[in-house]
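[1] Turn this into a structure:
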Amino acid sequence: MKQVTADNLDDLAAGAALLGAGGGADPYVPTLMVKDALRRHGPVRVVDPDELPADGLVVPLGGGGAATAMVEKFSAISDHALADDDDVK
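    All right, here's what the predicted structure looks like:
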């Protein structure tokens with residue numbers, strides 16, 4: 001099973017920065033944010049699309065804008081709209 005862990009996150013971030021479309025911003029601050037989330041919540045399982053049920057819920061996420069803004073105001077999970085547990089099956 002593939003997982004995103006603290007052990008492979010730096011390589012994943014470097015690859016994303018290299019292959020990402022656009023600005024080529026430094027992935028340092030977002031990587032720190034993910035390391036903190038991994039420390040608090042554990043590894044993230046990477047799922048092959050073929051493993052998903054036909055009626056499965058997929059929530060695409062992304063971010064944009066100047067990476068320097070994240071240094072000025074570190075984003076918190078409370079800053080984002082989240083679905084209630086009852087809404088996610």
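[2] and the longest helix that the chain contains, which residues are buried?
    Secondary structure assigned by DSSP state H gives helix 28-41 as the longest helix of the chain. For helix 28-41, burial by neighbour count (16 or more other C-beta atoms under 10 Å) applies to 30, 31, 34, 38. Glycine gets a C-beta too; all of them are placed from N, C-alpha and C.
[3] and the very next helix or strand once past it, which strands flank it?
    Next helix or strand after helix 28-41 toward the C-terminus (DSSP states H and E): strand 44-45. Using DSSP bridges, the strands paired with strand 44-45 are strand 3-4 (antiparallel).
[4] outside of the strand it pairs with, which residues touch it?
    Strand 3-4 is contacted from outside by 12, 34, 38, 43, 44, 45, 46, using C-beta atoms under 8 Å, 6 or more residues apart in numbering.
[5] just checking, next helix/strand downstream of it?
    As assigned by DSSP H and E, the chain's next helix or strand after strand 3-4 is helix 9-19.
[6] Keeping just the C-alphas, turn that next one into PDB.
    This file holds the C-alpha atoms of helix 9-19, laid out as PDB (Å, rounded to 0.1, in the frame of the first residue of the first chain):
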ATOM      1  CA  LEU A   9       7.300  13.700   2.000                       C
ATOM      2  CA  ASP A  10      10.400  15.700   1.100                       C
ATOM      3  CA  ASP A  11      10.900  13.700  -2.100                       C
ATOM      4  CA  LEU A  12       7.200  14.200  -2.900                       C
ATOM      5  CA  ALA A  13       7.400  17.900  -2.300                       C
ATOM      6  CA  ALA A  14      10.500  18.300  -4.500                       C
ATOM      7  CA  GLY A  15       8.900  16.400  -7.300                       C
ATOM      8  CA  ALA A  16       5.700  18.500  -7.000                       C
ATOM      9  CA  ALA A  17       7.800  21.700  -7.100                       C
ATOM     10  CA  LEU A  18       9.700  20.400 -10.200                       C
ATOM     11  CA  LEU A  19       6.600  19.200 -12.100                       C
END
